[in-house]
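Undergrad: okay, here's the prediction I keep looking at, along with the sequence it came from:
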Amino acid sequence: AQSVTQPDIHITVSEGASLELRCNYSYGATPYLFWYVQSPGQGLQLLLKYFSGDTLVQGIKGFEAEFKRSQSSFNLRKPSVHWSDAAEYFCAVVFGGATNKLIFGTGTLLAVQP
Amino acid sequence: DTGVSQNPRHKITKRGQNVTFRCDPISEHNRLYWYRQTLGQGPEFLTYFQNEAQLEKSRLLSDRFSAERPKGSFSTLEIQRTEQGDSAMYLCASSSQISGNTIYFGEGSWLTVV
């Protein structure tokens, strides 16, 4: 079955520290890959996306993600976290098909310590 | 800003009542999606429209749920005879080939069934 796994439910980092959020997906072919961020009570904001080409993609707010085909992973990184980055982060995948619908992971809640 | 617009943003209703949510997608986006998100979970796909045609419905969309997209513009999601288990945030999203197939989300409509 097509699925997206975010193994870390909750992560706490200190402000200024680096961050890596993990995402794995189950599928044979290369899907379209996305990271979204959600603040409490709000909708989803797109951070970055990967369709093809360079496997390291840059997004907004200083985030980047690397697609690794051999590991079926698309991990999100940021070299220095700011307090305003505290939010929930969702990895999402389009596995193909006519609808191009997104399948989401369960999310990782990021807390930032001063 | 002409992003995806949803209303009402919040709705509290008594069990057994009907509710309707409206979504106005980004103009010229021919694809429209509805998702449901409960606390602590990632969004779950409900249904998909391409123009006015409803092309896919999730098993989550019971017969109490109905969605329409007349004229391929705005969409409505109606829930009949609401149950407490329907309490969730209902997210609308849109995309098109023009947007590079990137899916953009609205701010969501919160439903609380008491």
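TA: All right, it came through fine.
Undergrad: residue numbers of chain B in contact with chain A?
TA: Listed as neighbours of chain A in chain B under the rule CB under 8 Å from any CB of the partner chain: B:4, B:6, B:31, B:33, B:35, B:40-45, B:48, B:50, B:55-56, B:91, B:93, B:95, B:100-108, B:110. Glycine gets a C-beta too; all of them are placed from N, C-alpha and C.
Undergrad: got a quick PyMOL command for the buried subset of those residues?
TA: The PyMOL selection below is limited to those of these classed as buried (16 or more other CB atoms under 10 Å in any protein chain shown):
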select buried, chain B and resi 4+6+31+33+35+42+43+44+45+48+50+56+91+93+95+102+103+104+105+106+107+108+110
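Undergrad: where does pLDDT dip in the chain?
TA: In the absence of a named chain, this looks at chain A. A:28 (pLDDT under 70).
Undergrad: looking at chain B here, not the other one
TA: B:1.
Undergrad: nearest to chain A: which residue in it?
TA: Using CB to the nearest CB, residue B:42 is the residue of chain B that sits closest to chain A, at 3.4 Å.
Undergrad: wouldn't that residue be in contact with residue A:108 here?
TA: No: with contact defined as CB atoms under 8 Å, residue B:42 does not count as touching residue A:108 (10.2 Å).
Undergrad: excluding covalently adjacent residues, which one is nearest to residue A:83?
TA: Among residues not flanking residue A:83 along the chain, residue A:112 sits closest, at 4.9 Å (CB to CB, 6 or more residues apart in numbering or on different chains).
Undergrad: give me the subset of the residues of chain B next to chain A that lies in helices.
TA: Using DSSP state H, no member of the residues of chain B next to chain A sits in helices.
Undergrad: next step: the residues of chain B next to chain A restricted to strands.
TA: Judged by DSSP state E, the subset of these located in strands is B:6, B:31, B:33, B:35, B:44-45, B:48, B:50, B:55-56, B:91, B:93, B:95, B:104-105, B:110.
Undergrad: what is the nearest of the residues you listed to residue A:82?
TA: residue B:105 (22.8 Å; CB to CB).
Undergrad: so that closest one makes contact with residue A:36?
TA: Yes: between residue B:105 and residue A:36 there is a contact under CB under 8 Å: 7.4 Å.
Undergrad: find residues that contact each of those two.
TA: A:44-45 (CB atoms under 8 Å, 6 or more residues apart in numbering or on different chains).
Undergrad: what is the burial count for the residue in chain A that chain B sits nearest to?
TA: Nearest to chain B, among the residues of chain A, is residue A:104, at 3.4 Å (CB to the nearest CB). A count of nearby residues for residue A:104, using other CB atoms under 10 Å in any protein chain shown, gives 21.
Undergrad: no further questions, thank you.
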